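J.: model this:
(2 chains)
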Amino acid sequence: MKIAIASGKGGTGKTTLSSNLAAYISEKEKVVLCDLDVEEPNSGLFIKGKLIHKEDKFKMVPSWDSNKCTFCGLCQDVCNYNAVIKLEDKIMVFPDLCHSCYACSELCPENALPMIPEKMGELKHFESGDISFIESHLDVGREQAVPLISQTIEYVDEHFPKETIRLYDSPPGTSCPVIEATKEVDFVILITEPTPFGFHDLKLAIETMKKMEKEFAVVINRYGIGNDDVLNYCKDNDIPLLAKIPNDRYIAELYSSGELIYTRVPEVKKQLKHVYDYILKLKENNEV
Amino acid sequence: MKEIVVISGKGGTGKTSITASIAYLGGKDVVVADCDVDAADMHLLMKPDYAKSEDFYSGEIAEINPDMCINCGKCKEVCRFNAVSIANQKHTVSSLNCEGCGYCARVCPVGAISMVEQNVGKVHISNTKAGNMMVHAELGIGADNSGKLVAKVKKEAKLLAEKTNKEFIIIDGSPGVGCPVVSSLSGADFVVLVTEPTVAGLHDLERVYQLVKKFNIKAGCIINKADLNTNVEKEIQEFLKRENVAHIANLPYDETFTKAMTVGQTIVEYGESDLKNIVAESWDKVKELVAN
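T.: Got it, this is the predicted structure:
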């Protein structure tokens, strides 16, 4: 069972919900938490476990073999990303523009552009009680998060049984990184705050999930600030509202030092139970 | 003319509220650009009038003409993105998976695949309530190429600033360290980092500052909600000293931030608060830092 925790707007509590929910669920059953916000992964600040595996992650990019090249220029012609440029006396490759489509490499009549791995980040696998925690960091300066997100999901798919609940802490926004993180999931939890910014970006996130034909529900964080727009919107559009995490400076303080919240704030534990119960129901329906 | 980019690494640190306040204070001296095109929120505070809007096209997606397709499967074979599947015995392209590389179109033996340019969003040029002009955008739902849309917004803002002889462009960047952020940093003269004293805020600040360093751009930092955690606040101060980043200001943890946003106002318009004065001083300090 794959569940993405996403938001549209950044800083609405994706990581707070992901890490606390994972820890809460692990009191009842095994759970996988996977941080797919590879540009700025933060779940690892809250879930500390034993590092059991790490590996560098690569994407494939063409490399130029000057001995074979005849300067026909086909590589430049076929590249839709301007990642391969033919100059007077050499072919230049720009790895950050390359999408690893292999067209230049495989269409080169002389095999002068073999694909080679280029490091883009690092994946780590931690174990902490009944939580398996996987995170990837994109190397700073690398622009494309998508290939690293996709390889991180592959790692999780290969290492854990299908039935295990997998929580994907997703990147913010509504463009390619969040699409990659959510496109294979069974269910999406959208977390928002009840402010005009939160509401505006929630509607974008909802449109994105509808376009992808995903089933989703909403959790409101910092409930009590702002206004009732999110609440009314969910009601009017029959969107399930799973939980309301209260606005409380104490919660912000716990978060600020990297502490889990539900163990100290009974109300948050109660709200997490609502979310977990909903997941159990979904799981049951999925199996039927 | 100087480009000032506001970024944060982590989302939700108050970046947009602070940028909008600076843009409001800058008034007629500035052009405003909202480069957080993925989740653009600045218009909610700046009340733009959408004086001029245009569609933005970037990138392509493959489309297979079912009447010409002979089901040879070559396209599926070469696609590295699992974008080609077979439905009703015909090959079709999933627009969510297609990266627009065009490899399939090149190898199709009957020319059944065409690459179609994508409308990825809209770019707007507006007059705002602060008496300045603002360039902003809406990225299409699930669209690619947010980096290119950011570049387009910046380009329009720059043209506007040159044409109208403005001193500053104030740019709201996106969270993260990936392509939209890289795109918003390129060509910038000064970076304002907005952070908060949380372990996540500091972690993300360190990462995004590594990126700023690669671009060799001078930076200053505003610590929002500074009194939330004095230990982490100290760590941030030490980080700034170590990296020679100017400390612009500490803003207190204050729900005025949200209250102002809830009524569609910037912090500097809303009531009387310490916050208001500190933000005004911050803008003066930024101008001083940019001038040196």
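J.: tell me who's in contact with A:Pro62.
T.: A:75, A:84, A:93, A:98, A:104-105, A:113-116 (CB atoms under 8 Å, 6 or more residues apart in numbering or on different chains). Using the backbone N, CA and C atoms, a C-beta is placed for each residue, glycine as well.
J.: the closest residue to it other than its chain neighbours: neighbour count?
T.: Among residues not flanking A:Pro62 along the chain, A:Leu113 sits closest, at 4.1 Å (CB to CB, 6 or more residues apart in numbering or on different chains). Residues contacting A:Leu113 under the criterion other CB atoms under 10 Å in any protein chain shown number 25.
J.: list the contacts of A:Leu113.
T.: Counting by CB under 8 Å, 6+ apart, the residues that A:Leu113 touches are A:62-65, A:75, A:84, A:91, A:93, A:104-105.
J.: would you turn those into JSON lines with pLDDT and distance to B:Val84?
T.: Formatted as JSON lines, those follow (pLDDT from 0 to 100; distance: CB to CB, whole Å):
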{"residue": "A:Pro62", "pLDDT": "98", "distance to B:Val84": "22"}
{"residue": "A:Ser63", "pLDDT": "97", "distance to B:Val84": "27"}
{"residue": "A:Trp64", "pLDDT": "97", "distance to B:Val84": "29"}
{"residue": "A:Asp65", "pLDDT": "97", "distance to B:Val84": "30"}
{"residue": "A:Cys75", "pLDDT": "97", "distance to B:Val84": "23"}
{"residue": "A:Val84", "pLDDT": "97", "distance to B:Val84": "23"}
{"residue": "A:Ile91", "pLDDT": "96", "distance to B:Val84": "28"}
{"residue": "A:Val93", "pLDDT": "96", "distance to B:Val84": "26"}
{"residue": "A:Cys104", "pLDDT": "98", "distance to B:Val84": "19"}
{"residue": "A:Ser105", "pLDDT": "98", "distance to B:Val84": "19"}
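J.: can you list which of those residues are found in strands?
T.: Counting by DSSP state E, the part of those found in strands is A:62, A:84, A:91, A:93.
J.: ok, back up a step: what's the closest of the contacts of A:Pro62 to B:Thr19?
T.: Each of the contacts of A:Pro62 was checked against B:Thr19 using CB to CB; the closest is A:Cys98, at 32.6 Å.
J.: the closest one reaches A:Tyr81, doesn't it?
T.: Yes - counting by CB atoms under 8 Å, A:Cys98 sits close enough to A:Tyr81 to count as a contact (6.5 Å).
J.: hang on, the earlier thing: any of the contacts of A:Leu113 buried? List them.
T.: A:62-64, A:75, A:84, A:91, A:93, A:104-105 (16 or more other CB atoms under 10 Å in any protein chain shown).
J.: so which elements touch the lengthiest helix in chain A?
T.: For chain A, the longest helix by residue count, based on DSSP state H, is helix A:266-287. Applying 3 or more CB pairs under 8 Å, 6 or more residues apart in numbering or on different chains; DSSP states H and E, we find helix A:266-287 packed against helix A:14-26, strand A:187-192, strand A:216-223, strand A:241-246.
J.: and B:Val290, what pLDDT?
T.: Each residue has a pLDDT score; the one for B:Val290 is 97.
J.: I meant to write A:Val288 there.
T.: 59.
J.: again, but for B:Ala249
T.: 98.
J.: the residue lying closest to it once chain neighbours are set aside: which element?
T.: Leaving aside its chain neighbours, B:Ala249 sits nearest to B:Ser282 (4.5 Å; criterion: CB to CB, 6+ apart). Assigning secondary structure by DSSP states H and E places B:Ser282 in helix B:274-291.
J.: and if you look at A:Ser136?
T.: strand A:131-138.
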